[in-house]
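*Asks:* fold the following for me, if possible:
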Amino acid sequence: MNQSEQLQTQLNRFQKLALIVGVVALALCGAGVALNKAQFFQSYLFGYLFWFGIAVGCFSVVALHHLVGGGWGFVIQRILEAGSRTLPLMLILFLPLFFGMRELYSWARPEAVHDEILHQKAPYLNVPFFWIRAVFYFAVWGVSIYLLNKWSHEQDRTGYPLITQKIEKLAGPALAGYVLTMSFAAFDWVMSLEPHWFSTIFGVIFVVGQGLTTLAFAIIGTKLLEDREPISGVIQTKHFHDLGNLMFAFVLLWAYVSFSQFFIIWSGNLPEEITWYMHRLHGGWGVMAMVIVIFHFFVPFALLLLRKTKQRSKVLVKIAVAMFFMRMIDLYWTVAPNFNEGKFGIHWMDILAPIGIGGLWMAMFLSQLKSRALMPVNDPRLAEAFAASHHG
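*Replies:* All right, here's what the predicted structure looks like:
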């Protein structure tokens, strides 16, 4: 059995395992609907948002790669493209939230009309308009992902420089469209869980977080595939160093936008603005906040500052794994306190829902990864990118 067949067999095995784990975990959560319907939708939303973030994050990072170029992007391009092609699955998995609108969003309950603030926000925060906007967001992401993947596939077959130019021209507007639509999606799906509170930078924090989760995922994937052809033939220490630098930049950006939001709201000290943080800084949530500050910022900042850390792929991948789980904790800290008025708690469905959705996502991701070569084949930019990285 040659190396390619061996990899195919391994990916098939992982795909089956992921699918079984996903179906079983979601079936158990489904049984939980009978016990606690509201909790099911709360846990499902958290699990969904995490894996959805990687799907659109893959699209945003691949668009960034086409915009700026460089060997690092070609090494992870196929992982990112496969991740972005899971969007149809995420669209299907978004639909169950329709049945949980009243459990999740106070503004979706008819009795909430008597609330003066919600009454003022009703032209925007209402169920039909919520779903109209969601359809628009998915359409924007879907068209961009479809075209980038289609042209990348054509490029593999033909190697025409004109296709490369089309990809590069689309990358900028696609990235801008993603940032704008994802910001509004974050307002709709997450910020409106606490509809009296608002923050204009909230969407940007979400976008940066998705980029960070995606980079951690791509580093882990690249490390697992680095001994496989054709990646083993081109990957160098320089590429892991570049990916480490990029992850470092995203850690800094995440810390900057998160602290900016906190500092502005805290210094303003207005009752309607500060409640969001009050729910997240008391009891066990305060401990979780400290864990996030230390392990989502200070520790990765200190480690990724060192050149040798980024050049040793075994160390870098450990940081990426830790960052992957810290992103999940940060998202839980953002979403969960909306539902239990500041009382800290983790329900068993909060663990099973991300595992279930993640299992289905990984199965879809692996099926997409197998469908194309692990490296772009005829991209005219390849020779230049790897020549530069070789000399670098």
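*Asks:* any idea of the pLDDT on residue 1?
*Replies:* Per-residue pLDDT puts residue 1 at 60.
*Asks:* same deal with the one 10 residues further on?
*Replies:* In this prediction, residue 11 carries a pLDDT score of 91.
*Asks:* burial check on it, number of neighbours?
*Replies:* 15 (other C-beta atoms under 10 Å). Backbone N, C-alpha and C define where each C-beta goes, glycine included.
*Asks:* my read is that it contacts residue 371, right?
*Replies:* No: using C-beta atoms under 8 Å, residue 11 is not in contact with residue 371, being 10.5 Å away.
*Asks:* would you mind listing the buried residues in the helix or strand where residue 145 lies?
*Replies:* Element membership for residue 145 (DSSP states H and E) is helix 127-158. By 16 or more other C-beta atoms under 10 Å, the buried positions in helix 127-158 come out as 130-131, 133-134, 137-138, 140-141, 144-145, 148-149, 151-152, 154-156.
*Asks:* where does residue 125 fall, phi/psi-wise?
*Replies:* phi -90, psi 80 (degrees, to the nearest 10).
*Asks:* so residue 340, which of the three states?
*Replies:* Secondary structure, DSSP: H, G, I helix; E, B strand; the rest coil: residue 340 is coil.
*Asks:* which element follows the strand or helix carrying residue 74 toward the C-terminus?
*Replies:* Using DSSP H and E, residue 74 maps to helix 71-84. Where DSSP H and E defines the elements, the next helix or strand beyond helix 71-84 is helix 87-94.
*Asks:* that next one packs against which elements?
*Replies:* helix 37-68, helix 127-158, helix 348-370 (3 or more C-beta pairs under 8 Å, 6 or more residues apart in numbering; DSSP states H and E).
*Asks:* what pLDDT, on average, does the second one get?
*Replies:* Yep, that's helix 127-158 we're talking about. On average, helix 127-158 scores 96.
*Asks:* and the angle from it to helix 87-94?
*Replies:* Helix 127-158 runs at 160 degrees relative to helix 87-94, counting by axes from the mean of the first three to the mean of the last three C-alpha atoms, to 10 degrees.
*Asks:* now swap in the first one and tell me
*Replies:* Taking the same axes, to 10 degrees, one finds that helix 37-68 is oriented at 160 degrees with respect to helix 87-94.
*Asks:* residue contacts, the nearest residue in space to residue 296 that is not next to it in sequence?
*Replies:* Spatial nearest neighbour of residue 296, excluding adjacent residues (C-beta to C-beta, 6 or more residues apart in numbering): residue 326 at 4.5 Å. Shown in contact with residue 326 (C-beta atoms under 8 Å, 6 or more residues apart in numbering): 292, 295, 296.
*Asks:* which element is residue 326 on?
*Replies:* In this assignment (DSSP H and E), residue 326 forms part of helix 313-335.
*Asks:* show me what counts as buried in that helix.
*Replies:* In terms of neighbour count (16+ other C-beta under 10 Å), helix 313-335 has its buried residues at 313, 315-317, 319-320, 322-324, 326-328, 330-335.
*Asks:* what's the answer for stretch 222-239, then?
*Replies:* Applying 16+ other C-beta under 10 Å to stretch 222-239 flags 222, 223, 225, 228, 231, 234, 235, 238, 239 as buried.
*Asks:* same check, this time on stretch 109-116
*Replies:* 112, 115.
*Asks:* what do you get for stretch 201-214?
*Replies:* Result for stretch 201-214 [16+ other C-beta under 10 Å]: buried residues 202-214.
*Asks:* go through these and flag which are in helices.
*Replies:* Among the buried residues of stretch 201-214, the members found in helices (DSSP state H) are 202-214.
*Asks:* residues in contact with the nearest residue to residue 254 once chain neighbours are set aside?
*Replies:* With sequence-adjacent residues excluded and distances taken as C-beta to C-beta, 6+ apart, residue 254 is closest to residue 208, at 4.8 Å. Residues near residue 208 by C-beta under 8 Å, 6+ apart: 250, 253, 254, 257.
*Asks:* what about those residues, which are in helices?
*Replies:* Using DSSP H, these in helices are 250, 253, 254, 257.
*Asks:* would you point out the most distant pair within those?
*Replies:* 250 and 257 (10.7 Å; C-beta to C-beta).
*Asks:* same drill for the two, tell me which one is more crowded.
*Replies:* Between residue 250 and residue 257, residue 250 has the larger neighbour count (other C-beta under 10 Å), namely 23 against 19.
*Asks:* what's the closest of the ones in helices among the contacts of residue 208 to residue 160?
*Replies:* The shortest approach to residue 160 among those belongs to residue 250, at 33.1 Å (C-beta to C-beta).
*Asks:* shouldn't the closest one be in contact with residue 212?
*Replies:* Yes: under the criterion of C-beta under 8 Å, residue 250 is in contact with residue 212, at a separation of 4.3 Å.
*Asks:* pLDDT and distance to residue 41 added to the contacts of residue 208, as a markdown table?
*Replies:* Converted to a markdown table, the contacts of residue 208 look like this (pLDDT from 0 to 100; distance: C-beta to C-beta, whole Å):
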| residue | pLDDT | distance to residue 41 |
| --- | --- | --- |
| 250 | 97 | 30 |
| 253 | 98 | 31 |
| 254 | 98 | 27 |
| 257 | 97 | 28 |
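*Asks:* quick one: which of these is nearest residue 118?
*Replies:* Comparing every one of the contacts of residue 208 with residue 118 (C-beta to C-beta), the shortest separation belongs to residue 257, at 27.2 Å.
*Asks:* OK, contacts around the closest one?
*Replies:* 201, 204, 205, 208.
*Asks:* all set, thanks.
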